[in-house]
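Participant: following is a predicted model, sequence given first.
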Amino acid sequence: MKYITSLDGKEYLVEILDDRRISVNGQIQEIDFVSVRGQPVHSLIMNGKSYESYVYETEEGLQVLLRGRLYNLTVEDEREKRLRATAGAGAGTSGEFNLKAPMPGLIVSIPVNEGDQVEKGQVLLILESMKMQNELKSPKNGTVARLRVKPGETVEQRQALLSVT
């Protein structure tokens, strides 16, 4: 099966070859990817290197927290992409984006205020979880519409943190 994965505006063609191999833009990768007992925690071994990641579904696609960095991904199979293109529906960056906590943690800092203009990739919030500080970044240009948390607050997984319009 072939999938088109979008990350930071760049598309990658991912093909699942078998249980242990995938192709990313034509380059074959040896992988072992396992969910840890039904949790959002996943163990990934790729080309002999081990990684721990957290994967969460959102309305927009997937959020993947890997090595302290949060990635916003969209994944669709080739057929879905063709249908969307035919229908003229763009993935777009319009509308409101609600940043949700990818895991339980402590709000360390919020370097933006309501009404601030932000750019895609700009840090919106720093969340500490499991002794790691994670920078949660804006997936689009916009305006911080609403802050729902304050520094020092403890948050639960999937709790709404702020909105960007």
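Facilitator: Everything's here; your move. In this text the structure is predicted, and so the values were computed from the model without any measurement.

Participant: quick one, domains of this protein?
Facilitator: Split into domains by automatic domain parsing, the chain comes to 1-92, 94-165.

Participant: avg pLDDT for the longest one?
Facilitator: Spelled out, it's domain 1-92. What domain 1-92 shows for mean pLDDT is 81.

Participant: now do stretch 143-154
Facilitator: Mean pLDDT, computed over stretch 143-154, is 94.

Participant: buried stuff in that stretch?
Facilitator: Going by neighbour count (16 or more other Cβ atoms under 10 Å), the buried part of stretch 143-154 is Val144, Leu147, Val149. Using the backbone N, CA and C atoms, a C-beta is placed for each residue, glycine as well.

Participant: next: stretch 30-49.
Facilitator: If you call a residue buried by 16+ other Cβ under 10 Å, then stretch 30-49 has these buried ones: Ile31, Pro40, Val41, His42, Leu44.

Participant: repeat that for stretch 1-10.
Facilitator: In terms of neighbour count (16+ other Cβ under 10 Å), stretch 1-10 has its buried residues at Tyr3, Ile4, Thr5, Ser6.

Participant: just to revisit the earlier point, deepest of the domains of the chain, which one?
Facilitator: domain 94-165 (a mean of 16; mean count of other Cβ atoms under 10 Å).

Participant: from Thr143, how far out is Gly95?
Facilitator: Gly95 sits 13 Å away from Thr143, going by Cβ to Cβ, to the nearest Å.

Participant: what do those two both touch?
Facilitator: Common contacts of Gly95 and Thr143 (Cβ atoms under 8 Å, 6 or more residues apart in numbering): Thr165.
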